[in-house]
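Enquirer: Pasting the sequence and the predicted coordinates here, then a few questions.
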Amino acid sequence: MNSKAFSVLLLIVAVLALLAVSGAFYTVSEMEQVIITQFGKPIGEPITDAGLHFKTPFIQDVHSIEKRVLEWDGPVAEMPTKDKLYIVVDTFARWRISNPAQYYIRLSDLRSAQSRLDDILGSETRNTVARHELVEMIRTTKDRKAAVDETLVAGSGSVAAGLPPIQFGRVALEKEITDEARGKLAEFGIELLDVRFKRINYNPAVSSKIYDRMTSERRQIAERFRSEGEGEAAKIIGSKERDLKEIESKAYREVQTIEGKADAEATAIYAKAFNASPESRDLYQFQRTLDTYKTSFQGETTLILSTQSSFLRYLKGASPTLTPAAPAKPTP
């Protein structure tokens with residue numbers, strides 16, 4: 001064998017040795033675990049320790065499997081509750097691969113795992129929703145009391161006036177789904193960590209009717225408030241009118257009392273002044289007669305009197321005889 005052929009053979013051997021050495025070692029990261037298969041069948045225990053590892057080259061293959069917590073976002077599905085209300089439920093879950101060998105044998109990849117999660121979790125969610133009423137899914141826990149405005153409850157007659165009691169609550173329903181699905185998923189090497197409701201909505205076909213009913217209830221409450229307000233306003237206005245009339249009545253009575261006292265005092269003063277002497281009495285009689293003339297002879301008044309009537313004595317042209325006043329006594 002010449003030197004050139006030997007060099008080529010040596011190069012081939014070196015390349016094969018390099019390929020064997022490079023194929024014999026592999027690395028495992030902190031985020032994964034590894035299954036070793038030989039001729040397509042898993043052998044040995046799963047490798048979960050991060051670092052550099054050895055395998056038999058050419059006949060053994062390395063399959064990486066996720067070690068982290070994975071997410072499942074379920075499809076939005078429509079399902080009926082126990083009280084025959086169709087709702088749209090959107091759920092999500094968190095899971096991880098706890099048995100890599102079983103997982104590889106039964107599912108082999110994430111796409112198959114997601115499909116199996118869709119089937120099992122979707123079925124368990126539907127079964128749990130069908131066993132409970134809608135209020136159980138809306139209320140968080142059975143110990144949580146619904147916040148209700150007492151002013152809206154009194155006499156409203158709406159659903160808010162008396163929410164039905166719950167026995168479980170949404171948290172218990174989520175736990176029920178998790179427990180039921182966990183055992184079934186364990187057969188595939190999957191550990192189900194948690195299942196939660198992301199969104200719960202009414203069926204779009206009945207949403208408008210539900211919103212109309214809610215609007216009607218709010219309108220009834222508004223009408224009740226408006227009616228109570230109008231009644232209270234009428235009561236206030238009635239009280240105001242009553243108080244105003246009472247004040248006016250008291251003021252009128254006080255005015256009449258004051259005017260009566262003033263008239264009485266004025267009459268007493270006039271009487272005292274006109275009764276001071278015969279001349280003052282004659283003067284008072286003369287003034288009163290003139291006042292009577294003014295009120296009697298107005299417009300086209302026709303008055304027929306006897307010539308002997310005293311009413312005509314100041315119209316006959318002769319003045320009545322006045323008693324002369326007594327001379328004043330000198331002051332000592």
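Expert: Ah, there it is. Numbers count the residues shown, from 1 in each chain.
Enquirer: Okay, now the unreliable bits of the protein?
Expert: 1-2, 4-11, 13-23, 142-164, 299, 301, 305, 307, 310-312, 314-332 (pLDDT under 70).
Enquirer: cutoff 90 now
Expert: Counting by pLDDT under 90, the chain has low-confidence residues at 1-67, 81-87, 101-102, 104-110, 133-170, 201-222, 224-225, 228, 263-332.
Enquirer: For Thr141, the count of nearby residues, please.
Expert: 11 (other Cβ atoms under 10 Å). Just so you know, the C-beta spots here come from the backbone N, C-alpha and C atoms, and that holds for glycine as well.
Enquirer: Ser112 too?
Expert: Neighbours of Ser112 (other Cβ under 10 Å): 13.
Enquirer: Please list all residues in contact with it.
Expert: Neighbour list for Ser112: empty [criterion: Cβ atoms under 8 Å, 6 or more residues apart in numbering].
Enquirer: Would you mark the buried spots in whichever helix or strand it is part of?
Expert: If you go by DSSP states H and E, Ser112 is part of helix 110-131. Burial within helix 110-131, assessed by neighbour count using 16 or more other Cβ atoms under 10 Å, is assigned to Ala113, Gln114, Arg116, Leu117, Ile120, Leu121, Gly122, Glu124, Thr125, Arg126, Thr128, Val129.
Enquirer: of those, closest to Ala205?
Expert: Among the buried residues of helix 110-131, Val129 lies closest to Ala205 (Cβ to Cβ), at 17.7 Å.
Enquirer: which SSE is the residue nearest to the closest one when sequence neighbours are not counted in?
Expert: Sequence neighbours aside, Met79 is the residue nearest to Val129 in space, at 5.0 Å (criterion: Cβ to Cβ, 6 or more residues apart in numbering). Using DSSP H and E, Met79 falls within strand 77-80.
Enquirer: Tell me how far that strand lies from the chain's centre.
Expert: In terms of Cα atoms, centre = their mean, to the nearest Å, the centre of strand 77-80 is found 28 Å from the chain centre.
Enquirer: partners of that strand, with directions?
Expert: With DSSP bridges as the test, strand 77-80 is paired with strand 86-97 (antiparallel).
Enquirer: Quick check: Phe188 is in a helix.
Expert: No: read with DSSP: H, G, I helix; E, B strand; the rest coil, Phe188 is coil and lies in no helix.
Enquirer: which residues of the stretch 151-300 of the chain fall in helices?
Expert: Taking DSSP state H, counting those that start in this stretch to define them, one finds helices in the stretch 151-300 of the chain at 170-186, 204-274, 278-296.
Enquirer: Please identify the deepest-packed of these.
Expert: helix 170-186 (a mean of 17; mean count of other Cβ atoms under 10 Å).
Enquirer: Now for the residue nearest to Val129: which residues touch it?
Expert: Counting by Cβ under 8 Å, 6+ apart, Met79 has contacts Tyr86, Ile87, Val89, Thr125, Arg126, Val129, Ala130.
Enquirer: now those residues in TSV, with distance to Gln256?
Expert: Supplementary listing: the contacts of Met79 in TSV, determined by distance: Cβ to Cβ, whole Å:
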residue	distance to Gln256
Tyr86	80
Ile87	78
Val89	82
Thr125	87
Arg126	88
Val129	83
Ala130	85
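Enquirer: Out of those, which two sit at the greatest distance?
Expert: Longest span within the contacts of Met79, Cβ to Cβ: Tyr86 and Thr125, 14.4 Å.
Enquirer: returning to that earlier point: now tabulate the helices of the stretch 151-300 of the chain in CSV and tack on distance to Ala93.
Expert: Output for those, formatted as CSV (distance: least, Cβ to Cβ, whole Å):
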stretch, distance to Ala93
helix 170-186, 8
helix 204-274, 25
helix 278-296, 110
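Enquirer: Just tell me which of the ones you listed ends up closest to Glu32.
Expert: Between Glu32 and the helices of the stretch 151-300 of the chain, the shortest gap by Cβ to Cβ is with helix 170-186, which sits at 20.2 Å.
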